[in-house]
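Q: My questions concern the predicted model and sequence given below.
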Amino acid sequence: MNDLAMRNIPKLYDDRRRPIYPSLEESKEVVKDWMKKYYDFRTKLEEKLENVDNCETLAKLQEYAYNSCLYGVGLKVKNERGKWGY
């Protein structure tokens with residue numbers, strides 16, 4: 001993950017907290033497309049995509065998108081830190 005991924009996290013709600021996409025399924029597809037485009041750790045990608053399918057509400061899906069991004073960035077930092085000799 002890079003900073004571009006963080007800047008492009010899909011927003012599923014507008015400014016008035018109304019859903020942007022007409023259905024939960026369409027929102028899931030948007031999140032999956034974002035993950036396929038920006039997720040670097042391909043070994044975990046299938047697991048993450050499956051977790052998207054398991055989200056039952058739009059709020060949980062939005063929360064999962066943010067948490068997934070933070071997790072990916074955390075893994076990248078750990079990986080880079082190992083290269084620095086820490």
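A: Cool, the structure landed.

Q: alpha carbons only for contacts and neighbour counts from here, please
A: Will do.

Q: now the helices: where do they sit in the chain?
A: With helices called from DSSP state H, the chain shows them at 3-7, 24-38, 42-54, 58-84.

Q: looking at those helices, which is buried most?
A: Stretch with highest mean neighbour count among the helices of the chain: helix 24-38 (a mean of 17; mean count of other CA atoms under 10 Å).

Q: returning to that earlier point: for residue 17, which of the helices of the chain is the nearest?
A: Of all those, it is helix 58-84 that lies closest to residue 17, at 10.2 Å by CA to CA.

Q: relative to helix 24-38, how tilted is that closest one?
A: Angle between the axes of helix 58-84 and helix 24-38 is 10 degrees (criterion: axes from the mean of the first three to the mean of the last three CA atoms, to 10 degrees).

Q: how far away is residue 60 from residue 45?
A: With distances taken as CA to CA, to the nearest Å, residue 60 is found 18 Å from residue 45.

Q: quick one: contacts for the spatially most central residue of the chain?
A: Nearest residue to the geometric centre of the chain (CA atoms, centre = their mean): residue 65, 3.4 Å. Residue 65 makes contacts with 9-10, 31, as judged by CA atoms under 8 Å, 6 or more residues apart in numbering.

Q: show me where pLDDT drops low in this protein?
A: For the chain, the stretches flagged by pLDDT under 70 are 1-2, 41-42, 85-86.

Q: What separation do you get for the residue nearest to the centre of the chain and residue 35?
A: 9 Å.
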